[in-house]
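Asker: One predicted model, sequence on top.
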Amino acid sequence: MDIEGNLNLIGYGLAAIGPGIGVGLIFGLGVQAIARQPEARGMLQGQMLIGFALTEVLALIGLVLAFVL
Amino acid sequence: MDIEGNLNLIGYGLAAIGPGIGVGLIFGLGVQAIARQPEARGMLQGQMLIGFALTEVLALIGLVLAFVL
Amino acid sequence: MDIEGNLNLIGYGLAAIGPGIGVGLIFGLGVQAIARQPEARGMLQGQMLIGFALTEVLALIGLVLAFVL
Amino acid sequence: MDIEGNLNLIGYGLAAIGPGIGVGLIFGLGVQAIARQPEARGMLQGQMLIGFALTEVLALIGLVLAFVL
Amino acid sequence: MDIEGNLNLIGYGLAAIGPGIGVGLIFGLGVQAIARQPEARGMLQGQMLIGFALTEVLALIGLVLAFVL
């Protein structure tokens, strides 16, 4: 039995699953919204970035915890 | 019992699930947006690449952590 | 207790989940985009291949790590 | 405690999740694209088969690794 | 602690997740395509069966591996 490694990285990996899918949904659907209303690009992009920040922070918390715990 | 390997690779593997689906959503939905508004291809492609970078970084953090932790 | 095997393959397997779904999304949604705009097939196919490369690389990193770690 | 088996099969099993869903997306969405443009069936089917090959290979790599690792 | 069993069955179980969802997508989306173009039923059904075979094989490989490994 020759296992090495750190369980904290498994924790970060799990924490990154959701935001990875979530940010993809925001930008994938957001690009379609911009294609439908190109003149509102600035406003739509602002909404996308707010959603991005609120989603990505979940994985970044996992990144911080991997070093703190 | 003859197990070998590295838990860190499991961590990276988990961290790659979300971005793999997310980048697929961005380009899949983005190609449909471009098909609807071909004349706005440059602008839509820019949005897709921003979303790609913000999503892919979650897996790359896992790649770095696999060597750091 | 008679378990054998390599944890690295579990890591690769996890890393292949996301790109497997992601590439499927790109080509599934991309084929629909081509059906809607058949005359733009070349340009749309280019977008699909860019997205494919950026997604598949996440699994290929896992393949490399399975031998490196 | 009487557990036996091979971790490599768990690795293959995980590697088959993504392509299983991905190939399903390609053919499910592809059949809808063909229903919308039946006259372009040959060209659309070509795109579907390219996407199928690029997705299925991720599971086949897992199959090879199950014997190599 | 009185656990018994075979890890290979877990491996097959994982290998059945993706094709289970994938075949469901093919027939679910395919039935909708047939409902939109009932006169093209034979051709669409052929596409669905090709997709079904290419997806289901991923689980059957897992079944074979459960006895081989």
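Answerer: Nice, thanks for sending it over.

Asker: Pull the contacting residues for the residue of chain A found nearest chain D.
Answerer: Going by CB to the nearest CB, chain D is nearest to A:Ile3 of chain A, at 10.7 Å. Using the backbone N, CA and C atoms, a C-beta is placed for each residue, glycine as well. By CB atoms under 8 Å, 6 or more residues apart in numbering or on different chains, the residues touching A:Ile3 are B:Ile3, B:Glu4, B:Gly5, B:Asn6, B:Leu7, C:Leu7.

Asker: gap between the second one and chain E?
Answerer: Counting by CB to the nearest CB, to the nearest Å, the separation of B:Glu4 from chain E is 15 Å.

Asker: mind listing which of the contacts of A:Ile3 are in helices?
Answerer: Under the assignment DSSP state H, those contribute B:Leu7, C:Leu7 to helices.

Asker: Filter the contacts of A:Ile3 down to the buried ones.
Answerer: Among the contacts of A:Ile3, the ones that count as buried by 16 or more other CB atoms under 10 Å in any protein chain shown are B:Gly5, B:Asn6, B:Leu7, C:Leu7.

Asker: Check the spacing between A:Val68 and D:Gln45 real quick.
Answerer: A:Val68 sits 53 Å away from D:Gln45, going by CB to CB, to the nearest Å.

Asker: Compare those two (neighbour count), which wins?
Answerer: Counted by other CB atoms under 10 Å in any protein chain shown, A:Val68 and D:Gln45 do not tie: D:Gln45 has more neighbours, with 16 against 7.

Asker: which other helices and strands contact the strand or helix carrying the more buried one?
Answerer: Assigning secondary structure by DSSP states H and E places D:Gln45 in helix D:41-68. Contacts defined by 3 or more CB pairs under 8 Å, 6 or more residues apart in numbering or on different chains; DSSP states H and E place helix D:41-68 against helix C:7-36, helix C:41-68, helix D:7-36, helix E:41-68.

Asker: Tell me the pLDDT of the closest residue to chain C within chain A.
Answerer: Of all residues in chain A, A:Ile3 sits closest to chain C, at 6.4 Å by CB to the nearest CB. The model reports A:Ile3 with a pLDDT of 75.

Asker: beta partners of it?
Answerer: B:Gly5 (DSSP bridges).

Asker: so where's chain A uncertain?
Answerer: Scanning chain A for pLDDT under 70 picks out the ranges A:1-2.

Asker: ok, and the closest non-adjacent residue to the residue of it found nearest chain B?
Answerer: Using CB to the nearest CB, A:Gly20 is the residue of chain A that sits closest to chain B, at 1.9 Å. Once flanking residues are discounted, A:Gly20 sits nearest to B:Gly18: 1.9 Å by CB to CB, 6 or more residues apart in numbering or on different chains.

Asker: again with A:Ile10
Answerer: B:Gly11 is the one closest to A:Ile10 (CB to CB, 6+ apart), at 4.7 Å.

Asker: What is the neighbour count of the nearest residue to A:Asn8 once chain neighbours are set aside?
Answerer: Distance criterion CB to CB, 6+ apart; nearest residue to A:Asn8, sequence neighbours excluded, is A:Ala66 at 4.2 Å. Counted by other CB under 10 Å, the residues lying close to A:Ala66 total 23.

Asker: Hmm, A:Gly13 and A:Ala66 touching each other?
Answerer: No. Judged on CB atoms under 8 Å, A:Ala66 makes no contact with A:Gly13 at a distance of 9.7 Å.

Asker: picking up where we left off before, quick check: the gap between the residue of chain A closest to chain D and chain E.
Answerer: 15 Å.

Asker: same question, A:Gly46
Answerer: A:Gly46 is 34 Å from chain E, by CB to the nearest CB.

Asker: Can you give me the buried ones in stretch A:9-24?
Answerer: A:9-24.

Asker: Over to stretch A:48-56?
Answerer: Counting neighbours by 16+ other CB under 10 Å, stretch A:48-56 gives A:Met48, A:Gly51, A:Phe52, A:Thr55, A:Glu56 as buried.
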